[in-house]
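[1] I need the structure of the sequence given here:
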Amino acid sequence: MDGEVQSDGRLPVPITVFGPLHLLALRVHQMANTGRCHEAIAAADAYLGIARATGDTRTVPFLIQGKMYANLKMGRLVEATDLGEQLLRMHRVAGSALGEAKTLCDLAQFDVLRTRYVDGMRNLARAAVLLDLPHRNPDRRISALCSFAEAANAAEMYETAATTYEKLSVANASFELVHAVTLLYWGLRLAHVGRHDEGANRLRRSAALTRRHVDQRPDDFGSAAMLALALAKLGDVVPAEKLGREAVLPLRQAENFQYARMAHLAIGISLRAQGAPHEARTEFVAARELCNFGARPDEKTIIRFEMALNALELDGGRAGRDLFEAVEGQTRELWRVRLQRLAMLRQARQREEVEAARARAEREVMRDPLTGLGNRRRFDLLLDRIDSHRLSAPLILLLVDVDHFKAINDAYSHSVGDRALREVARILRAHCRTEDVPVRYAGDEFTVFLRGDLTVGREVAERIRSAVARSDILPGVRLTVSVGMAELTDGMSGEALFRHADDRLYAAKYSGRNTIAA
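    Just a heads-up that it's a prediction; the model follows:
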């Protein structure tokens, strides 16, 4: 299973699905996560050269991903997007649905941060449809769901993020804290648009999740700041102020600015509630100044609203009321826009689900029911793509024909013949990459549209031929195939490519069968 590590005492290193240079990719990710972004990018570039030179294709995507996250942390959204699109193409070629889903979520987050909401919702909807498919690797699915929730949070779609974190928390309790952060911001925003009961409910749930971590880890100042802010907004201001003051300095010293902002907000709200708006303003200003260090858009909205409330407390006259009403109106408008994004996501997902259903129906129409390979309709479509230049070189067409198939049917029955055809189809699938297309052309004849040159074609054809010759359908029955091969050249039509491969197949049959002709 993808992600598992196998132990074998005879081997010097464990076997994993990752490439042998995976520790280098892990180092890049660690540097990016600890703020050493320039170092992470330089290391990724150096390690990519090593991975490509040594043929470690499995490590390459993880290195690109680490470089992408480093650019994100530095605010280089265009560069991060370019890397994400490169990564997306690699996952699609490799046929990794979970890798594709995770990268789509990352791209959606970049789109949101660049205010490209239509693109962001489309990418997130595509990821959601992929994540709904059955997957054999729970760890990689969890990683993709994390990126889905992060993108939803970036778009301030708390409902979507919270639902995802609830699912993740069932599998792993460590997700409770990020779920609590979502509930905290959601509760604050609800309170700011006048939905106080709903907001208080989210804040209480956030506080309950966070309190467990604070009780278990008194030195976890981030959790303490979260709890302080929830308690302050719920009116439990004395313990909120105490928690906030204990946490704020260690958080600032550790440059953990998101949680330091929470601590300042908690202290400010508590002081305001205790009749000290001047001292509260100092805390709100400190929180606002820390927004220069990677604040989420909703954090700025929350801080601005609390400052406006504090200004109204300081000056209840016309000027104070005008300022508060302006900020309150802007807050409600941002909330309305947020709801529009939720609607955009629902609509985009409906479109993606319809498109996915249509694609499944098309695949079924072009699927051979006996072998599961593409059928003659699929073959004709691929020839049309060659003629319309949508499928181009490097491309090899293999024609694979089962030797003496009629004799097998006559001697052992059609059910045995069907088993033989299914075995050949299994071998073809086993020796095809994601970008290659095996087809049951007719009866006992198969074709493979193979990406590569003649050297690659000969290697694959020989592996197929020898694998069939080694197969054991029935005791005493030797199953073999003959293979004809042709290469697509400039200006060649699909029909001409097929004709050349068919001529080579005839030559292979004429030369004694169980052979390859190119």
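
[2] domain ranges for this structure?
    Domain assignment for the chain by automatic domain parsing gives 161-314, 376-517.

[3] Go through these and name the closest to residue 351.
    Among the domains of the chain, domain 161-314 comes nearest to residue 351, with 20.5 Å by Cβ to Cβ. (Each C-beta comes from the backbone N, C-alpha and C, glycine too.)

[4] TSV for the domains of the chain, including mean pLDDT?
    As requested, the domains of the chain are exported to TSV (pLDDT from 0 to 100):
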stretch	mean pLDDT
domain 161-314	95
domain 376-517	88
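
[5] Report the separation between the residue nearest to residue 206 when sequence neighbours are not counted and residue 108.
    Nearest non-adjacent residue to residue 206, counting by Cβ to Cβ, 6 or more residues apart in numbering: residue 183, 3.9 Å away. Applying Cβ to Cβ, to the nearest Å, the value for residue 183 to residue 108 is 22 Å.

[6] same deal with residue 26?
    The value you get for residue 26 to residue 108, if Cβ to Cβ is used, is 25 Å.

[7] So those two - more neighbours on which side?
    residue 108 (31 against 15; other Cβ atoms under 10 Å).

[8] State whether that one is indeed within a helix.
    Yes: applying DSSP: H, G, I helix; E, B strand; the rest coil, one finds residue 108 inside a helix.

[9] Local confidence estimate at it?
    Reported pLDDT at residue 108 in the predicted model: 96.

[10] Is it in contact with residue 151, as I believe?
    Yes: using Cβ atoms under 8 Å, residue 108 makes contact with residue 151 at a distance of 4.3 Å.

[11] shared neighbours, these two?
    Overlap of the contact sets of residue 108 and residue 151 (by Cβ atoms under 8 Å, 6 or more residues apart in numbering) consists of 120, 124, 127.

[12] from those residues, which is closest to residue 326?
    Checking those against residue 326 with Cβ to Cβ, the nearest one is residue 120 at 28.4 Å.

[13] Could you check how far the closest one is from residue 151?
    Look at residue 120 and residue 151: by Cβ to Cβ, they are 7 Å apart.

[14] can you give me the strands in the stretch 301-450 of the chain?
    395-402, 437-442, 445-451 (DSSP state E, counting those that start in this stretch).

[15] Indicate which one of those is closest to residue 302.
    strand 445-451 (51.5 Å).

[16] list the buried ones in the next helix or strand after the closest one?
    The first helix or strand that comes after strand 445-451 along the chain, using DSSP states H and E, is helix 454-470. For helix 454-470, the neighbour count (16 or more other Cβ atoms under 10 Å) marks 457, 458, 460, 461, 464, 465, 467, 468 as buried.

[17] Next up, the contacts around the fifth one.
    By that I understand residue 464. 398, 400, 427, 428, 431, 448, 481, 483.

[18] quick one, what contacts the fifth one?
    Right, residue 431. 460, 463, 464, 467.

[19] Most widely separated two among these?
    Maximum distance among the contacts of residue 431 (Cβ to Cβ): 10.6 Å, for 460 and 467.

[20] Burial check on the residue nearest to residue 188 when sequence neighbours are not counted, number of neighbours?
    Spatially, and ignoring its direct neighbours in sequence, residue 188 is nearest to residue 302 (5.1 Å; Cβ to Cβ, 6+ apart). Per other Cβ under 10 Å, the neighbour tally for residue 302 reads 25.

[21] Distance check, residue 302 against residue 176.
    Separation of residue 302 from residue 176 (Cβ to Cβ): 22 Å.

[22] sorry, back to before: sitting in strands, which of the shared contacts of residue 108 and residue 151 do you find?
    Taking DSSP state E, every one of the shared contacts of residue 108 and residue 151 sits outside strands.

[23] Which one (most neighbours) among these?
    Neighbour tally across the shared contacts of residue 108 and residue 151 (other Cβ under 10 Å): the maximum, 31 neighbours, falls on residue 124.

[24] quick one: it and residue 105 touch, right?
    Yes: Residue 124 is in contact with residue 105 according to Cβ under 8 Å; the separation is 6.5 Å.

[25] Mind listing the shared neighbours of the two?
    Counting by Cβ under 8 Å, 6+ apart, the residues touching both residue 124 and residue 105 are 148, 151.

[26] Go through the shared contacts of residue 108 and residue 151 and name the one nearest residue 453.
    The closest of the shared contacts of residue 108 and residue 151 to residue 453 turns out to be residue 127 (Cβ to Cβ; 35.0 Å).

[27] Against residue 185, how distant is residue 500?
    On the measure of Cβ to Cβ, residue 500 and residue 185 end up 64 Å apart.
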